[in-house]
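K.L.:
3D, please:
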Amino acid sequence: MPEALLLDGKGLTVTDVHDVAHDGKPVEISPAAWERIQASRSLIFELAEEDVPVYGLNRGVGWNKDRIIDNTFFESFNRNLIRSHAAGVGPAATLPQVRAVLLTRLNTLLLGCTGVDPSVVRRYAEFLNLGVHPVLPLQGSVGAADITILSHIGLVMLGEGEAEYQGGRVSGAEALKLAGLAPLLLGPKDGLAIVSSNALSAGMGALVLYEIRKLLELADLVYALSLEGLRGNVSPLDEGILRVRPYPGLLESAARVREALSGSDLWDTYNPDSLQDPLSFRDACHIHGAALDSLKFTADSLELQLNSSDDNPCVLVDERRILSCANFEPLSWTLGFEMLGSALHHVSRSSCYRVIKLGTPAFTGLSRFLTADDKTSIGYCTVQKTVTSLDAEIRHLSNPASADYFALAGDIEDHASNAPYVVSKTGAILDRLRYIFGIEVLHAAQAIDLRGGVGANGLRLGSATRALYEALRSRVPFLEKDRNVSTDIEAAYELVKSGELLQAANQGSLSLNPSISP
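P.N.:
Here you go, the predicted model:
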């Protein structure tokens with residue numbers, strides 16, 4: 001069992017979310033956080049006894065904010081709140097996504113701004129550590145707190161709904177029984193605390209950003225291999241010229257490419273035809289750098305969300321106040337995801353153009369479509385359709401969606417962000433990019449082999465690019481004769497998705513360590 005992640009509501013990172021979600025890392029709540037939770041709960045009871053009007057406590061929620069909730073009705077009101085708000089529709093979230101959501105909500109509760117009962121807070125940690133994973137439908141939230149989805153977590157806490165436990169889907173009641181847990185009885189404000197946060201979109205967003213971070217690092221390495229396949233010009237990588245325009249992402253991308261090409265004969269030879277390479281080669285680091293800068297902005301904004309309260313109303317324990325607010329508004333980091341989606345489309349389009357250029361003799365001096373024998377085979381001709389169709393999908397997925405909302409709840413709720421959908425389509429962009437990079441690396445390796453391959457009679461590749469090339473060739477052989485190319489594309493995609501290509505390249509160059517830090 002790995003060491004537990006100590007949560008205090010303040011230091012959760014994108015990497016932490018990945019480790020708990022994918023690696024099953026257990027969690028522990030810090031003593032200071034428990035003190036905040038207990039103090040906040042005490043204040044809630046005091047205010048309830050004083051009959052101070054509080055949204056979601058002794059007053060209804062949404063359009064029902066004018067309904068008075070008597071203290072004899074607290075338990076049934078909060079139970080009904082959970083049931084009535086459980087309105088999500090499929091498909092169901094994956095197990096890692098569910099764990100990311102549970103962790104995200106747990107950490108934001110630890111700030112003590114909710115007034116929730118400590119038993120509810122403890123239940124999130126128990127679900128994570130005991131492997132009780134509520135079945136969460138992914139569609140139905142408009143991104144103004146994910147109430148329609150998070151309510152399904154509340155159902156399982158009540159012993160209702162469905163959950164995954166030890167590999168099987170069972171009723172919520174059965175999952176609690178198998179894990180040795182009792183259903184919760186909810187008190188004042190507990191239902192609202194469970195349903196009203198952005199934990200769905202923020203938790204899933206953290207997982208998406210973690211994968212984008214790795215993919216952008218690989219993008220630099222795949223581009224470096226393509227540059228070797230083209231026999232392109234390395235002058236755009238010169239640190240001196242980049243220092244006069246020092247965008248952080250650009251400097252990082254170019255440094256990674258230079259390191260990947262360490263030892264390559266590109267530094268020793270000059271191809272006069274590459275004085276001005278196509279822009280897809282010449283400005284790749286500028287494009288990747290822009291995506292890195294977008295990633296940093298989005299990750300910084302999301303990590304602020306992961307460590308702040310998005311509760312309405314908000315409990316200010318030290319001031320003995322509880323105030324209605326709009327802290328559930330996630331637009332700041334939702335816009336970051338939309339910016340990142342646009343940046344990733346530029347990355348995609350640039351890769352597609354490199355694929356097309358590598359199959360064009362006027363740019364490479366090699367055979368058309370990189371065929372081994374242009375008299376008997378066709379080579380990578382049709383793959384251009386595959387890669388460009390994927391890019392078209394990415395282009396449409398990159399369109400903004402945060403502004404597409406309705407006024408709801410008697411026209412009170414007249415703003416939303418569609419944050420879960422924005423995060424979801426960014427993840428869809430990510431997966432299509434994996435295919436595109438898989439196709440690009442197939443072309444780069446084929447071009448290198450057509451130039452004599454690697455070794456004494458062939459090219460001298462960089463330390464990392466050679467490792468990348470060899471990792472691909474261990475699974476996908478040289479395209480000597482026409483064959484089912486879909487099989488090769490799927491194999492390359494799996495190498496990209498699993499991280500094997502990135503790991504091989506990093507091992508090939510020990511100084512090439514991941515340096516993106518969202």
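K.L.:
Quick check: which element contains the residue positioned nearest the centre of the chain?
P.N.:
In the chain, the centroid-proximal residue (CA atoms, centre = their mean) is Val208; its distance is 0.7 Å. Assigned by DSSP states H and E, Val208 belongs to helix 199-230.
K.L.:
Backbone torsions only: list them for the spatially most distant residue from the centre of the chain.
P.N.:
The centre of the chain is farthest from one residue, Lys375, which by CA atoms, centre = their mean lies 45.6 Å away. The phi/psi pair for Lys375 (degrees, to the nearest 10) reads phi -90, psi -20.
K.L.:
if I look at it, how far off is Thr334?
P.N.:
As judged by CB to CB, to the nearest Å, Lys375 and Thr334 stand 55 Å apart. For glycine as for every other residue, the C-beta is placed from the backbone atoms N, C-alpha and C.
K.L.:
so the residue nearest to the centre of the chain makes contact with Lys425?
P.N.:
No - the pair Val208 and Lys425 fails to qualify as a contact (CB atoms under 8 Å) at a distance of 9.9 Å.
K.L.:
Do you know the pLDDT at Gly60?
P.N.:
Predicted confidence (pLDDT) at Gly60: the value is 59.
K.L.:
same check, this time on Tyr435
P.N.:
Value listed for Tyr435 in the pLDDT field: 98.
K.L.:
what's around Arg460, how many residues?
P.N.:
By the criterion of other CB atoms under 10 Å, Arg460 has 16 neighbours.
K.L.:
Please read the previous query as pertaining to Gly499.
P.N.:
14.
K.L.:
how close does it get to Ala255?
P.N.:
21 Å.
K.L.:
ok, now Ser197?
P.N.:
Distance, Ser197 to Ala255, using CB to CB: 39 Å.
K.L.:
And Ala492, by the same measure?
P.N.:
Taking CB to CB, one finds Ala492 at 26 Å from Ala255.
K.L.:
for Val17, what are its contacts?
P.N.:
The contact partners of Val17, taken as CB atoms under 8 Å, 6 or more residues apart in numbering, are 100, 103-104, 203, 206-207, 210, 306.
K.L.:
what would the residues you listed look like in TSV with pLDDT?
P.N.:
Shown next, in TSV, are those (pLDDT from 0 to 100):
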residue	pLDDT
Ala100	98
Leu103	98
Thr104	98
Gly203	98
Ala206	98
Leu207	98
Tyr210	98
Leu306	98
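K.L.:
List just the nearest of the residues you listed to Glu338.
P.N.:
Comparing the contacts of Val17 against Glu338 with CB to CB places Ala206 closest, at 16.7 Å.
K.L.:
Run through the residues that contact that closest one.
P.N.:
14, 17-18, 100, 104, 302, 306.
K.L.:
Swap in 10 Å and give it another go.
P.N.:
Counting by CB atoms under 10 Å, 6 or more residues apart in numbering, Ala206 makes contact with 12-18, 20-21, 100-101, 103-104, 299, 302-303, 305-306, 423, 518.
K.L.:
try Ala224
P.N.:
232, 234, 237, 256-261, 264, 266, 284-285, 444, 461-462, 464-465, 468, 505.
K.L.:
neighbours around Ser201, how many?
P.N.:
Ser201, neighbours per other CB under 10 Å, totals 30.
K.L.:
That one contacts Pro420, doesn't it?
P.N.:
Yes - the criterion here is CB atoms under 10 Å, and Ser201 meets it with Pro420 at 4.4 Å.
K.L.:
between these two, what contacts are shared?
P.N.:
Counting by CB under 10 Å, 6+ apart, the residues touching both Ser201 and Pro420 are 141, 143, 146, 149, 330, 334.
K.L.:
List buried members of those by neighbour count.
P.N.:
Among these, those classed as buried by 16 or more other CB atoms under 10 Å are 141, 143, 146, 149, 330, 334.
K.L.:
Looks to me like Ser119 is in a helix.
P.N.:
Yes - with DSSP: H, G, I helix; E, B strand; the rest coil as the criterion, Ser119 is located in a helix.
K.L.:
What ranges does the stretch 1-150 of the chain have for its strands?
P.N.:
5-7, 27-29, 89-92, 132-134, 137-139 (DSSP state E, counting those that start in this stretch).
K.L.:
Tell me which of these sits most buried.
P.N.:
Most buried of the strands of the stretch 1-150 of the chain, by mean neighbour count (mean count of other CB atoms under 10 Å): strand 132-134, with a mean of 25.
K.L.:
now for that strand, which elements pack on it?
P.N.:
helix 95-109, helix 118-130, helix 147-157, strand 162-165, helix 172-179 (3 or more CB pairs under 10 Å, 6 or more residues apart in numbering; DSSP states H and E).
K.L.:
Distance to Asp431 added to those, as a markdown table?
P.N.:
Output for the helices and strands packed on strand 132-134, formatted as a markdown table (distance: least, CB to CB, whole Å):
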| stretch | distance to Asp431 |
| --- | --- |
| helix 95-109 | 14 |
| helix 118-130 | 26 |
| helix 147-157 | 21 |
| strand 162-165 | 23 |
| helix 172-179 | 30 |
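K.L.:
which stretch among the ones you listed comes nearest Leu192?
P.N.:
helix 147-157 (8.9 Å).
K.L.:
pLDDT averaged over the closest one - what is it?
P.N.:
The model assigns helix 147-157 a mean pLDDT of 97.
K.L.:
can you tell me the helix or strand for Thr386?
P.N.:
helix 383-397.
K.L.:
sorry, back to before: between Ser197 and Ala255, who's got more neighbours?
P.N.:
Taking other CB under 10 Å, Ser197 and Ala255 do not tie; Ser197 has more neighbours (29 against 17).
K.L.:
Can you classify that one by secondary structure?
P.N.:
With three-state DSSP as the basis, Ser197 sits in coil.
K.L.:
related to what we said a few turns ago, buried subset of the contacts of Ala206, written for ChimeraX?
P.N.:
Selection of buried members from the contacts of Ala206 for ChimeraX, criterion 16+ other CB under 10 Å:
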select :12,13,14,16,17,18,20,21,100,101,103,104,299,302,303,305,306,423,518
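K.L.:
Out of the contacts of Ala206, name the ones that lie in helices.
P.N.:
Members of the contacts of Ala206 lying in helices (criterion: DSSP state H): 14-18, 20-21, 100-101, 103-104, 299, 302-303, 305-306, 423.
K.L.:
which ones are touching Asn418?
P.N.:
With the criterion set at CB under 10 Å, 6+ apart, Asn418 makes contact with 141-144, 201, 330, 334, 338, 400-405, 424-425.
K.L.:
same thing but 7 Å
P.N.:
Going by CB atoms under 7 Å, 6 or more residues apart in numbering, Asn418 touches 142-143, 401-402, 404-405.
K.L.:
filter these to the buried ones?
P.N.:
By 16+ other CB under 10 Å, those give 142-143, 401-402, 405 as buried.
K.L.:
Pick the one among those closest to Leu430.
P.N.:
For the buried ones among the contacts of Asn418, the closest approach to Leu430 (CB to CB) belongs to Ala401, at 16.1 Å.
K.L.:
For the closest residue to Phe328 other than its chain neighbours, give me its contacts.
P.N.:
Once flanking residues are discounted, Phe328 sits nearest to Ala145: 4.1 Å by CB to CB, 6 or more residues apart in numbering. Going by CB under 7 Å, 6+ apart, Ala145 touches 196-198, 310, 328.
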